[in-house]
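Q: Next come a sequence and a model predicted from it.
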Amino acid sequence: IDIIFNCVFVPSSNDMDGKNVCIRALPIPGTSIIGANQFKGNKKLKLIIIDKSVTILGDSCFSDCINLKGVSIPKSVIQLSDNCFLNCNILSKIVIPDSVLYLGMCAFKNCHKLKLIKLSKNIKWIDCHTFYNCKNLRNIKLEENLEFISEGAFMHCEKLNQLIFPEKIKRIGANIIYGC
């Protein structure tokens, strides 16, 4: 394990020694993917710096990391898969780089402290329940290239004040703002 800038390069949760709270997440060897469930449920993680060789964050790769406060997503990432940051309760802000085209189902579901999110300018699709129950999300700018918003995408975002839909939007799912 190499330590650079107080972050540890680790391929999975199994390689953490318990003292480190900042990691540089590397892809599965031979791929450009942070694998499904790779860091799921790791209660030690507080900060994640995703390596610039990564293009896809796999299903549930960081879900249930209940102490996660910050994530740095590089411009190489094009997809945040289903349940990616599900139940990361104290994650308060996230910047989705302009390279990202797709946000998976429940990607940020139950991120109760999430207040600020900057979406990719090139995002095409926000899937079902992506921001479900993000109780503190107040404002989100839906970018001009967005074409699809699936069912319940912003359900139970109790403090959401405003959503302005881009002109290019082709489909808006049912109940996207139910409970807001």
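A: On my side now, so go ahead.

Q: Can you read off the pLDDT for the nearest residue to K115 once chain neighbours are set aside?
A: Of all residues not flanking K115 in the chain, N136 sits nearest, at 4.8 Å (Cβ to Cβ, 6 or more residues apart in numbering). Where you see a C-beta, it was placed from the backbone N, CA and C, and this is true even at glycine. You'll see N136 listed with a pLDDT of 96.

Q: what's the answer for K43, then?
A: With respect to pLDDT, K43 scores 89.

Q: helix/strand/coil for E144?
A: Going by DSSP: H, G, I helix; E, B strand; the rest coil, the secondary structure assigned to E144 is coil.

Q: That one contacts K168, doesn't it?
A: Yes - between E144 and K168 there is a contact under Cβ atoms under 8 Å: 6.2 Å.

Q: residues near C157, how many?
A: 24 (other Cβ atoms under 10 Å).

Q: contacting residues for it?
A: Shown in contact with C157 (Cβ atoms under 8 Å, 6 or more residues apart in numbering): F131, Y132, N133, C134, K135, L137, I177, G179, C180.

Q: cool, and R171?
A: R171 makes contact with E147, F148, I149, S150, according to Cβ under 8 Å, 6+ apart.

Q: List the residues that contact the second one.
A: Remark: with contacts taken as Cβ under 8 Å, 6+ apart, F148 is in contact with K124, W125, I126, I169, K170, R171.
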